[in-house]
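Peer 1: just coords:
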C-alpha cells in the first residue's frame, strides 16, 4: 500500500510534457519532476554554463519563474537517469540576450562513472530562469527534478576604512589617472593651477602643481574627466554656477590650455560621453534653470555649443545626469534625476534612449521611470547580476517620496521593487549616490547618505553598513584591488578581506581613448557581471575610469569581454584573478577578422607598404597612426594614394588607425613581415 501511495505522489509531481525547442517557446515548469524527451530542439545553447557546448547542435528549453524568492536545485541525479549523460545550463535575461547564472555537467553521485548533473542557484521572485539541456554528450531523453528551498541569503562581508591624511588644495572632488599610468591619482583644482597627487607604484603619492590659465568658472558644482583630444592625458571639465571651463592637458602631462566658454550654464552634473559615436568625447552638462546643454567635439578637442534635445523642461530641474546602456543595445542612454519642489513638472525624472545617430528620445513614461522626485543623483548597476542595469534613485528630501529601487525587466521597462528592499526604511538623505562593489563579493553595493554603504545581499535587499567616510570620489588609491574613498584632505583606505578582484583598463583606438561608453563583462562560475565605463556619476564627484570587479571566493575567471562603442568586441579567455588587465581596442581580434571594420587592407602580412580601400565613402583620410597591441603609438605616417609605408617597423602585429577630416577613426589589425 505504501509503495502505491509513493507511486501516486511521484506521478502527481511529474510534468508529462514534451520539451520545447527554442527559447521563445520554452515550456513553463515548476517544482517537481519533468521528463525531457529526445534532445532535438532547433536552438542550441547560446553560451556555456556547464562544461562545454562545443559540438552541441540541439537543446530543449524550459522556463521557471518563481512566485517567491527560493534557493533552487535542478538535478538529474536520479536512479532513472543512470547511464545517461545530460548537461544543464541556467540562464536569465531575454531570448537573444541571455546571461549564464549557473550550469553543471558531472556533479551528481549516482552511476559509475557519474555523468549526472546537479546545480543550485538563487532565484528571485518574478525573474524567469531558462533551464536548458543540450545534446553535447547525449541526445537521449532525461528526467530532472526542480526543488524549491527557502532562500539562503549569502553572508555579506562588511566593509571598513582606515584614514590617512593628505595635503590637497582647491576643489577636492576628483580621483582619476592624470599621468597615463592607469593608477588613480587625486586632483585639486584652483583658479590658476591644478594640483595632482600622483599615485606611486608601491604606494603613496607625489604632489605636482601645474599652472593653468586663470578661470572664473570653477568646479563649484561638478567635475568630469576624459581624454578629449586623444593625446594620452586626461582633460578636465569644470561645472560652475555660471558657466563651463575645459582644461586640456598637453602631450607630456606638464601643462594645460584653457578652452573658455561664454554661455550661461547653471551647471549641475557634468559628463564626458561620445554622444554621436564618432570616436570623440563630447560633453554634457545638466542646466539647473534651463534646458540642458552639450558640447560637440570636432575631433581635435574643440567644442561647439548646443542647448536642448536631452531634457528640455523650460525651468530646468536637471540635477544628476548619468549615461548608462539600460537597453543593452551598445550605446549609452541618459537618465536625469530631477530636483525641484512643488508641482512645477520640473521634478519628474527623465530617461532618454540613445537612437544611435546622435539623437535621443524621451522614453520616461513607457519605461516606467517618469516619477516626481527630489533627487540630486541616481546609482545604476546590475544589482541582481542578470545582465542588465537596474536603478536606485536617491532622495535628497522626502517631499516626493523616498528612495526608489527599480529592477530592469529586460524589455525596456522597469518595475518598482523598493518595498522590502531595505531602501524603503533607509532614512538618511544625500545628494551623492554611487554604485560599486566595496567588499569584492561580486554584488554591487550602494554608497548613500549618513556615512552608510548599503551592502547588496544578492536578492535585491540591502543591509546598512555604517562607515567612516562620507560619499566622495572613488578609486583604488593603493592599487590593492579594493576601492577607496577620498574626502577633502583624507584618504580612506579600504581594509579589504579575502575576496578576489579583477580590474580592466581600456585604451580605445577607433572609440574614444578612455573607452567611455564601453560595456565590460566578466564571466565565471557566478554567471556574468557587467560594468559601463562612465565619466561622471553621482552628483559632484569624478571617480576612477578604471573598471573594477569583485569575484568573492571564485578561483577562476572564464573570460572578460569588452563591447566598445565602435561595435568592436574584444575578449580575453581565462585571465588570472587579482590582477589588472589592459585591453586595447581590436587587440584580441584575428588578423582577418573584419568585424565592424570599414576598410580592407592588402597585402596582409605586408613588408613595406599597406594599401587600404574603404567599403563606403568615409570622407578624406588625413592621418594614419600605427599602434602596437598594448596601445603604444609606434608611428604616424603620411598617406600617399591610399598607401601607408611600414618599412621601418619591426616584425610583429600592429593596429592601423585611419582618421578622416571630421576626426573619426577606423582600425584594422595587420602583420609586418
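Peer 2: That came in fine, so what should we check first? This is a predicted model, so every value here is computed, not measured. Numbering: from 1, shown residues only.
Peer 1: Need the nearest residue in space to residue 623, chain neighbours excluded.
Peer 2: Leaving aside its sequence neighbours, residue 623 sits nearest to residue 659 (Cβ to Cβ, 6 or more residues apart in numbering; 4.3 Å). Glycine gets a C-beta too; all of them are placed from N, C-alpha and C.
Peer 1: for the one you found, which residues make a bridge with it?
Peer 2: Per DSSP bridges, the residues bridged to residue 659 are residue 623, residue 665.
Peer 1: Was I right to think it contacts residue 637?
Peer 2: No. Applying Cβ atoms under 8 Å, one finds residue 659 not in contact with residue 637, separated by 11.4 Å.
Peer 1: anything in contact with each of these two?
Peer 2: 624, 625 (Cβ atoms under 8 Å, 6 or more residues apart in numbering).
Peer 1: returning to what we had before: any idea how far residue 449 is from the residue nearest to residue 623?
Peer 2: According to Cβ to Cβ, to the nearest Å, residue 659 stands 45 Å off from residue 449.
Peer 1: Then residue 108?
Peer 2: Distance from residue 108 to residue 449, by Cβ to Cβ: 49 Å.
Peer 1: Just give me the residue closest to the centre of this structure.
Peer 2: The centre of the chain sits closest to residue 531, judged by Cα atoms, centre = their mean, with a distance of 1.7 Å.
Peer 1: Mind telling me what element that residue is part of?
Peer 2: Residue 531 is part of strand 527-532, with elements assigned from DSSP states H and E.
Peer 1: what does that strand contact?
Peer 2: 49, 92, 99-102, 323-325, 332, 380, 382, 385, 387-389, 442, 517-522, 547-549.
Peer 1: Next, count neighbours for residue 237.
Peer 2: 30 (other Cβ atoms under 10 Å).
Peer 1: can you start the count at 304 instead of 1 from here on
Peer 2: With 304 as the first residue, the last one maps to residue 540.
Peer 1: from what I can see residue 892 touches residue 870, true?
Peer 2: No. At 11.7 Å, residue 892 does not count as touching residue 870 under the criterion of Cβ under 8 Å.
Peer 1: more crowded one of those two?
Peer 2: Higher neighbour count among residue 892 and residue 870: residue 892, with 20 against 14, using other Cβ under 10 Å.
Peer 1: State the distance from the nearest residue to the more buried one once chain neighbours are set aside to residue 865.
Peer 2: What sits nearest to residue 892 in space, not counting adjacent residues and going by Cβ to Cβ, 6+ apart, is residue 972, at 5.8 Å. Distance, residue 972 to residue 865, by Cβ to Cβ: 15 Å.
Peer 1: same question, residue 782
Peer 2: From residue 782 over to residue 865 the distance is 21 Å, taken as Cβ to Cβ.
Peer 1: So the two - more neighbours on which side?
Peer 2: Neighbour count, other Cβ under 10 Å: between residue 782 and residue 865, residue 865 has more, with 26 against 19.
Peer 1: Which strands border the host helix or strand of that one, and is each parallel or antiparallel?
Peer 2: Element membership of residue 865 [criterion: DSSP H and E] is strand 860-866. On the basis of DSSP bridges, the sheet neighbours of strand 860-866 come out as strand 822-827 (antiparallel), strand 872-876 (antiparallel).
Peer 1: Pull the distance from it to the chain's centre.
Peer 2: Taking Cα atoms, centre = their mean, to the nearest Å, one finds the center of strand 860-866 at 12 Å from the center of the full chain.
Peer 1: what's the model's confidence in it, averaged?
Peer 2: The pLDDT scores in strand 860-866 average 94.
Peer 1: Other residues contacting it?
Peer 2: Outside of strand 860-866, the residues within contact range by Cβ under 8 Å, 6+ apart are 633, 805, 807, 809, 818, 821-828, 854, 872-880, 884, 886, 888.
Peer 1: which of the residues you listed are buried?
Peer 2: 633, 805, 807, 809, 818, 821-828, 854, 872-873, 878, 880, 884, 886, 888 (16 or more other Cβ atoms under 10 Å).
Peer 1: Can you name every helix or strand that the one helix or strand residue 609 maps to contacts?
Peer 2: Per DSSP H and E, residue 609 falls inside strand 606-610. Contact here means 3 or more Cβ pairs under 8 Å, 6 or more residues apart in numbering; DSSP states H and E; on that basis strand 606-610 packs against strand 585-590, strand 596-600.
Peer 1: mind running it again at 7 Å?
Peer 2: In this structure, strand 606-610 packs against strand 596-600, with contacts taken as 3 or more Cβ pairs under 7 Å, 6 or more residues apart in numbering; DSSP states H and E.
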